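take a look and give me a structure for this.
(one chain, ligands or ions: 1)
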Amino acid sequence: MKNCLTASRSLAFRGRILYRVNRNMGERQLHPLSTDTTTVDLRSDTITTPTQEMYDAMISSPVGDDVFKEDPTVTKLQEKCAKLFGKDAALFVPSGTMGNLISVMAHCQTRLLEAIVGSQSHILLYEVGGLSHFGGVQLRPVLNKADGTFDLDEVSNMIRDEGDIHQPNTALICLENTHNKCGGRVLPISFLQQVKELTKKHDLKCHMDGARLLNAAVYMDREPADILQYVDSVNLCFSKGLSCPVGSIIAGTHDFIARARWLRKALGGGMRQIGVLAGPAIVGLDTIYPKLYLDHQRTKQIATAIHENSNGVVEVDLDGVQTNILMVHMKKTDFDADMFCDRLAKVTEDERQLLEEDICILGLPFSNKTVRLVLHHNINQNQVDKTIKKLKYVIKEMADKK
Ligand SMILES: *Cc1c(COP(=O)(O)O)cnc(C)c1O
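As a prediction, the model looks like this:
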């Protein structure tokens, strides 16, 4: 028997959740899919594959030993990013998780410090608590609002200065832009300005987890440097919407990057002939970044279709859909996120008759009642049209099961 999720077995992405989906799939009697099945994988923008131009860059980029700072392609990428971000310098790192880990550690140089982070932030929830294990930094959460911001009066009250031996000192505030768990929301400039005032007043630093910063820049139609003038450091992922296989970059002052380079080596992230990875990253910036707006348009199309056909079964916050991430909330008590994903990934006989084709959609259960769909470079307009067709059918079927 064939099912759409078989391919996902080999993908280690959010393994626990996928295991659950796969297990559910296994328990059900599925109709074998026809050979011309269209599978639209909207689980994540991390599944994007390198473009031909990226493969070409892997072969043709000059390389050297980057631990000796002798890889010309890495140097080119770092200089390009420093300029794009309006920062002194940048450093290529293996992953976004390591980029955030290094950045926070570089800002929090002594013991007895804490960093204030959003309660829904990737740093707090999805980085294995690395900062407490390896960095000796306490992460102190402040409640995230639905738009990815938080109450700055609350933050102001949380900040702890020297003097009380019961408390660590607050050294850093971390932001996430776009905000993954808040559905790809873009932080408003007014919020960034207020954060900047607060950090200045209390002599704190600010780090932005900008794994999807370029999606924010595209949404705002601003240069990344415009957004980053309010923060001390940033982390950007190449392996998400930019379609590269590996890599992230962090940026900040010369001092920050010098320290980050030292920390990267300590954490085992010093790499050698990685022009083969930096080359594709340059291609991502030059060729995929200008196309990110398409992912945003398509996300909005799908969100609008769900909104207009929601039938009281599902709900999307249409105004909140700004970039390439769409959160679909289950409204009926007898349907949860696992069941919705499970149903979207299979094809029934009735459905095949009516739609006259087999369409499987892969989404990610993000919580009990929320499914995340993410648009990316590997999804074209035709697949978006099929996604909408399938979603309408499944939502109606769910509504009819009253
Ligand atoms: C993906 C991501 C990261 C980094 O994750 P890696 O898998 O280590 O690259 C950090 N923050 C956010 C918001 C992300 O989406």
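
quick one, strands of the stretch 251-400 of the chain?
Using DSSP state E, counting those that start in this stretch, the strands of the stretch 251-400 of the chain run over 314-315, 325-330, 359-362, 364-367, 370-374.

which one of these lies closest to residue 39?
Nearest of those to residue 39, taken as Cβ to Cβ: strand 359-362 at 4.5 Å. Heads up, the C-betas are built off the backbone N, CA and C, glycines and all.

phi and psi next, for the nearest residue to residue 162 once chain neighbours are set aside.
Using Cβ to Cβ, 6 or more residues apart in numbering and skipping residues adjacent in sequence, the residue nearest residue 162 is residue 169, 5.8 Å away. With angles defined as degrees, to the nearest 10, residue 169 sits at phi -90, psi 140.

swap in residue 48?
Dihedral angles for residue 48 - degrees, to the nearest 10 - are phi -60, psi 140.

nearest residue to it other than its sequence neighbours?
Nearest to residue 48 is residue 243, by Cβ to Cβ, 6+ apart, at 4.1 Å.

pLDDT score for the residue nearest to residue 377 when sequence neighbours are not counted?
In this structure, residue 377 finds its nearest non-sequential neighbour in residue 243, 4.6 Å apart by Cβ to Cβ, 6+ apart. Looking at residue 243, its pLDDT is 98.

now for residue 243, how many residues are close by?
26 (other Cβ atoms under 10 Å).

so who does the residue of the stretch 51-200 of the chain found nearest the ligand touch?
Of all residues in the stretch 51-200 of the chain, residue 96 sits closest to the ligand, at 2.3 Å by Cβ to the nearest ligand atom. Counting by Cβ atoms under 8 Å, 6 or more residues apart in numbering, residue 96 touches 122, 209, 211, 235, 237, 239, 248.

ok, which of those also contact the ligand?
The subset of the contacts of residue 96 lying close to the ligand, counting by Cβ under 6 Å from any ligand atom, consists of 122, 209, 211, 237, 239, 248.

ok, the first one touching residue 208?
No. Contact between residue 122 and residue 208 fails when scored by Cβ atoms under 8 Å: they sit 11.6 Å apart.

just the helices in the stretch 101-250 of the chain please.
122-125, 130, 152-158, 189-202, 213-220, 224-228 (DSSP state H, counting those that start in this stretch).

same deal with the stretch 251-400 of the chain?
Going by DSSP H, counting those that start in this stretch, the stretch 251-400 of the chain shows helices at 254-266, 275-283, 292-308, 337-344, 349-355, 381-400.

tell me which of those sits most buried.
Mean neighbours per residue, mean count of other Cβ atoms under 10 Å, is largest over the helices of the stretch 251-400 of the chain for helix 275-283, with a mean of 26.

could you export that helix as CSV, CA atoms only?
Listed next in CSV are the C-alpha coordinates belonging to helix 275-283 (Å, rounded to 0.1, in the frame of the first residue of the first chain):
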residue,chain,number,x,y,z
GLY,A,275,32.7,27.5,0.1
VAL,A,276,30.6,24.5,-1.2
LEU,A,277,27.9,25.7,1.3
ALA,A,278,28.5,29.4,1.2
GLY,A,279,28.3,29.4,-2.6
PRO,A,280,24.6,28.2,-2.6
ALA,A,281,23.9,30.7,0.2
ILE,A,282,25.0,33.5,-2.0
VAL,A,283,22.8,32.1,-4.8
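
can you name the residues in contact with it?
With Cβ under 8 Å, 6+ apart as the test, helix 275-283 has contacts from 50-51, 53-55, 57-58, 60-64, 71-74, 76-77, 80, 92, 238, 242, 244-247, 249, 271.

returning to what we had before: need the winner for burial among the helices of the stretch 101-250 of the chain.
Most buried of those, by mean neighbour count (mean count of other Cβ under 10 Å): helix 213-220, with a mean of 23.

list phi and psi for residue 245.
Dihedral angles (degrees, to the nearest 10) for residue 245: phi -80, psi -30.

quick check: closest non-adjacent residue to it.
With Cβ to Cβ, 6+ apart, the residue lying closest to residue 245 is residue 50, at 5.5 Å.

those residues of the protein touching the ligand, which are they?
Counting by Cβ under 6 Å from any ligand atom, the residues of the chain near the ligand are 95-97, 100, 122, 176, 180, 209, 211, 237, 239-240, 248.

tell me which two of those sit farthest apart.
176 and 239 (16.8 Å).

more neighbours, these two?
Shown here are residue 176 and residue 239; by other Cβ under 10 Å, residue 176 has more neighbours (29 against 23).

residues contacting that one?
So residue 176 contacts 118, 121-123, 148, 187, 208-211 (Cβ under 8 Å, 6+ apart).

give the bridge partners for it, please.
With DSSP bridges as the criterion, residue 176 is bridged to residue 209.

so for it, what's the pLDDT?
We have a pLDDT of 98 for residue 176.

contact partners for residue 170?
Residue 170 neighbours (Cβ under 8 Å, 6+ apart): 113-116, 140, 158-161, 202, 204.

try 10 Å this time
108, 113-116, 138, 140, 155, 158-161, 202-204 (Cβ atoms under 10 Å, 6 or more residues apart in numbering).

give me the nearest residue to it, chain neighbours excluded.
residue 159 is the one closest to residue 170 (Cβ to Cβ, 6+ apart), at 4.6 Å.

over to residue 225?
For residue 225, the spatially nearest residue (Cβ to Cβ, 6+ apart) is residue 86, at 3.0 Å.

where does the chain have low pLDDT?
For the chain, the stretches with pLDDT under 70 are 1-35, 402.

enumerate every residue touching residue 234.
With Cβ under 10 Å, 6+ apart, residue 234 has these contacts: 81, 85-87, 90, 99, 103, 175, 177, 206-211, 213, 224, 227-228, 249-252.

swap in residue 60?
Residue 60 sits next to 73, 275-276, 279 when contact means Cβ under 10 Å, 6+ apart.

need these in a markdown table (columns: distance to residue 378).
Converted to a markdown table, the contacts of residue 60 look like this (distance: Cβ to Cβ, whole Å):
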| residue | distance to residue 378 |
| --- | --- |
| 73 | 25 |
| 275 | 25 |
| 276 | 21 |
| 279 | 20 |
